[in-house]
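> Structure for this input, please:
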Amino acid sequence: MGCVSTAVARHQRQVLGIIPSAFTVNNLVRETCGKEIKVATMHERLLTMMELSDAFIALPGGFRTLEELFQMISWAQLNIHNKPIGVLNINGFFNGLLSFVDNVVEQKFIT
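Sure, this is the predicted structure:
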């Protein structure tokens, strides 16, 4: 996310980092080039992101990206929010995941 936030700031747009305390204690975060909100837990981070965001776009990433994506989808199914959710499928990065989701829908585990 550092590259994305740097590019956004370079184009004089707003950057907001929502940082769990565990990330700062373990030096997992570099200096933010915008406003920072420090929160206690990862759950609080997701909740804050949900409250402050107009939409959710998953960029290629790892387990945290997948967790955040599916958490937002689950919250939408539970009518906790009705904000748009998408994936930026750069170079087919999410093709396997999208095939999995298609299969789960086909098997009628989700609608």
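> So which residues of the protein form helices?
All helices of the chain, identified by DSSP state H, fall at 2-10, 21-25, 42-52, 63-77, 95-106.
> okay, those helices in CSV with distance to residue 86, mean pLDDT and mean neighbour count next?
For every residue, glycine as well, the C-beta is placed using N, CA and C. Output for those, formatted as CSV (distance: least, CB to CB, whole Å; pLDDT from 0 to 100; neighbours: other CB atoms under 10 Å):
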stretch, distance to residue 86, mean pLDDT, mean neighbour count
helix 2-10, 15, 77, 13
helix 21-25, 25, 74, 13
helix 42-52, 15, 92, 15
helix 63-77, 9, 94, 15
helix 95-106, 11, 97, 11
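> Serialize these to a markdown table and add fields for distance to residue 85.
Shown next, in a markdown table, are those (distance: least, CB to CB, whole Å):
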| stretch | distance to residue 85 |
| --- | --- |
| helix 2-10 | 18 |
| helix 21-25 | 24 |
| helix 42-52 | 11 |
| helix 63-77 | 5 |
| helix 95-106 | 12 |
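> Please name whichever of those is nearest to residue 84.
For the helices of the chain, proximity to residue 84 was assessed by CB to CB; helix 63-77 is nearest, at 9.2 Å.
> Okay, angle between the closest one and helix 42-52 too, please.
50 degrees (axes from the mean of the first three to the mean of the last three CA atoms, to 10 degrees).
> Who are the packing partners of helix 63-77?
Under the contact criterion of 3 or more CB pairs under 8 Å, 6 or more residues apart in numbering; DSSP states H and E, helix 63-77 touches helix 42-52, strand 56-58, strand 85-87.
> what comes into contact with that helix?
For helix 63-77, the external contacting residues (CB atoms under 8 Å, 6 or more residues apart in numbering) are 46, 49-50, 56, 58-59, 81-83, 85, 87, 97.
> if you set the cut-off to 10 Å instead, what comes out?
Helix 63-77 has contacts (CB atoms under 10 Å, 6 or more residues apart in numbering) with 1, 42-43, 45-47, 49-50, 53, 55-59, 61, 80-87, 94, 97, 101, 110-111.
> In PDB, could you pull the C-alpha coordinates for it?
Coordinates of each C-alpha in helix 63-77 appear next as PDB, following Å, rounded to 0.1, in the frame of the first residue of the first chain:
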ATOM      1  CA  PHE A  63      -4.000 -12.900   3.300                       C
ATOM      2  CA  ARG A  64      -5.000  -9.500   4.800                       C
ATOM      3  CA  THR A  65      -6.300  -8.400   1.400                       C
ATOM      4  CA  LEU A  66      -8.400 -11.500   1.100                       C
ATOM      5  CA  GLU A  67      -9.600 -11.200   4.700                       C
ATOM      6  CA  GLU A  68     -10.600  -7.600   4.200                       C
ATOM      7  CA  LEU A  69     -12.300  -8.300   0.900                       C
ATOM      8  CA  PHE A  70     -14.400 -11.200   2.200                       C
ATOM      9  CA  GLN A  71     -15.200  -9.300   5.400                       C
ATOM     10  CA  MET A  72     -16.700  -6.400   3.400                       C
ATOM     11  CA  ILE A  73     -18.600  -8.900   1.200                       C
ATOM     12  CA  SER A  74     -20.000 -10.600   4.400                       C
ATOM     13  CA  TRP A  75     -20.900  -7.300   5.900                       C
ATOM     14  CA  ALA A  76     -22.700  -6.400   2.700                       C
ATOM     15  CA  GLN A  77     -24.700  -9.600   2.800                       C
END
